[in-house]
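# sharing a model prediction with you, sequence too.
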Amino acid sequence: MTTVEDHFDATIGGNRRIEPRDWMPDGYRATVIRQIAQHAHSEIIGMQPEGNWITRAPSLRRKAILLAKVQDEAGHGLYLYSAAETLGADRADLTEMLISGRQKYSSIFNYPTLSYADVGVIGWLVDGAAICNQVPLCRSSYGPYARAMIRICKEESFHQRQGYELLLTMMRGSDAQRQMVQDATNRFWWPSLMMFGPPDDASPNTARSMAWGVKRHTNDELRQRFVDMTVPQAAKLGVTLPDPELKWNAGRGHYDFGSIDWEEFAAVVAGNGPCNAQRVAVRRRAHAEGAWVREAASAYAARQAQRKRAA
Ligand code: BYC
């Protein structure tokens, strides 16, 4: 007799998708909720560093582009919360876990954005790293997550290109503009490499998540892929990546790179990065200020349901 466990194992083994109504082990459900929630929180918190520059964009065109990008990120967050809800998670609980610090969001968004070049570098490096990490997630074993990732990746690719185009424009400008791009690259390079998570030998979740097909590559594999992809882009742009050990290794067929400061990563993930307190405080305030909207929406829904019953 085929059990639900057999069905789950055969689905994962056959590289097919687990759907919301399928039986799944509690650990699988918890892992997918954890990853999707962390991802959704990252999109929502990720609106802040760039949103910081909307009112100071250098032209109407740049302002319209940045507004649209930040709105896309809100959309990705909402998509992902919906995907988590298909597993029985409650969006209000997830938000509570974010603002109380019980669930994580990406370390990268705890760094400040000090000049307009940061908008370009975030598009180039941060969205670039996000794409590297997320394209394989379009084949993740959990159906609603994998399908959400398809649209998200298309939009992230567009974001990456807008960032690169902004940087190309600045690099064709004045010495001061070129210096801004270099400075932003210096500040965001190492934190971008940290986005991929701890090294494989220190990643508690990777082996289990790969066996379940939730993740398709290890953190170090994706980090290497990102470095290999980015080095030629930096050369074309005319910026120097701030790593004297970065060099092509013909034997490996990859770029070697210097060591990442994992103590800094641990501090940022533990809440002690340059902007952690500010990011969470802003999110907490926005949540409190939105209370009346949530109350009005639930009152409206209750009223509609009452009318339907009465009809
Ligand atoms: N920051 O065992 P590990 C974006 C946590 S892009 C903070 O390797 P896993 C965007 C990890 O959660 C960014 N925490 O975990 C881009 C775990 O903690 P818990 C979001 C991190 O899950 C542009 C612990 O460290 N992308 O949104 O196997 C504009 C041990 O790690 C980080 C995603 O979320 C980090 N960098 O692998 C706007 C993509 N790295 O939960 C927005 C989906 C690790 O055990 N997520 N941790 O307490 C993933 O692919 C995986 O969850 C990760 C981590 C590769 C991030």
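Cool, got the structure.
# which stretches of the stretch 1-150 of the chain form helices?
4-13, 26-45, 47-51, 60-85, 91-99, 117-121, 127-134, 143-171 (DSSP state H, counting those that start in this stretch).
# could I get those as CSV with mean neighbour count and distance to Asn276?
For the C-beta atoms, the positions are set from N, CA and C on the backbone; glycine is no exception. Shown next, in CSV, are the helices of the stretch 1-150 of the chain (neighbours: other C-beta atoms under 10 Å; distance: least, C-beta to C-beta, whole Å):
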stretch, mean neighbour count, distance to Asn276
helix 4-13, 13, 36
helix 26-45, 20, 10
helix 47-51, 20, 11
helix 60-85, 18, 18
helix 91-99, 16, 12
helix 117-121, 26, 18
helix 127-134, 24, 19
helix 143-171, 19, 23
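# correct me if wrong: Ser203 contacts Leu222.
No: Ser203 lies out of contact with Leu222 (C-beta atoms under 8 Å); the separation is 11.4 Å.
# these two: which is more packed in?
The residue with more neighbours, out of Ser203 and Leu222, is Leu222; 21 against 16, by other C-beta atoms under 10 Å.
# what's the first helix or strand after whichever strand or helix holds the more buried one?
According to DSSP states H and E, Leu222 maps onto helix 219-237. Note on helix 219-237: by DSSP H and E, the next helix or strand toward the C-terminus is strand 247-249.
# and the stretch 51-200 of the chain, which of its residues are near the ligand?
For the stretch 51-200 of the chain, the contact set with the ligand under C-beta under 6 Å from any ligand atom comprises 73, 104, 106-107, 126-127, 130, 133-134, 194-198.
# circling back: so the helix holding Leu222, near the ligand or not?
Yes: using C-beta under 6 Å from any ligand atom, helix 219-237 reaches the ligand at Asn219.
# quick one: that helix to helix 127-134, angle?
On the basis of axes from the mean of the first three to the mean of the last three C-alpha atoms, to 10 degrees, helix 219-237 is oriented at 150 degrees to helix 127-134.
# CA-only coordinates of helix 219-237 in PDB, if you can.
The C-alpha coordinates for helix 219-237 follow below in PDB (Å, rounded to 0.1, in the frame of the first residue of the first chain):
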ATOM      1  CA  ASN A 219      25.500  28.800  -0.600                       C
ATOM      2  CA  ASP A 220      29.100  28.500  -1.700                       C
ATOM      3  CA  GLU A 221      28.200  27.300  -5.200                       C
ATOM      4  CA  LEU A 222      25.900  30.300  -5.700                       C
ATOM      5  CA  ARG A 223      28.400  32.700  -4.200                       C
ATOM      6  CA  GLN A 224      31.100  31.500  -6.700                       C
ATOM      7  CA  ARG A 225      28.600  31.700  -9.600                       C
ATOM      8  CA  PHE A 226      28.000  35.400  -8.600                       C
ATOM      9  CA  VAL A 227      31.700  36.300  -8.400                       C
ATOM     10  CA  ASP A 228      32.300  34.700 -11.800                       C
ATOM     11  CA  MET A 229      29.400  36.600 -13.300                       C
ATOM     12  CA  THR A 230      30.300  39.900 -11.700                       C
ATOM     13  CA  VAL A 231      34.000  40.300 -12.400                       C
ATOM     14  CA  PRO A 232      33.700  40.900 -16.100                       C
ATOM     15  CA  GLN A 233      30.800  43.300 -15.500                       C
ATOM     16  CA  ALA A 234      33.000  45.300 -13.100                       C
ATOM     17  CA  ALA A 235      35.700  45.400 -15.800                       C
ATOM     18  CA  LYS A 236      33.300  46.700 -18.400                       C
ATOM     19  CA  LEU A 237      32.000  49.300 -16.000                       C
END
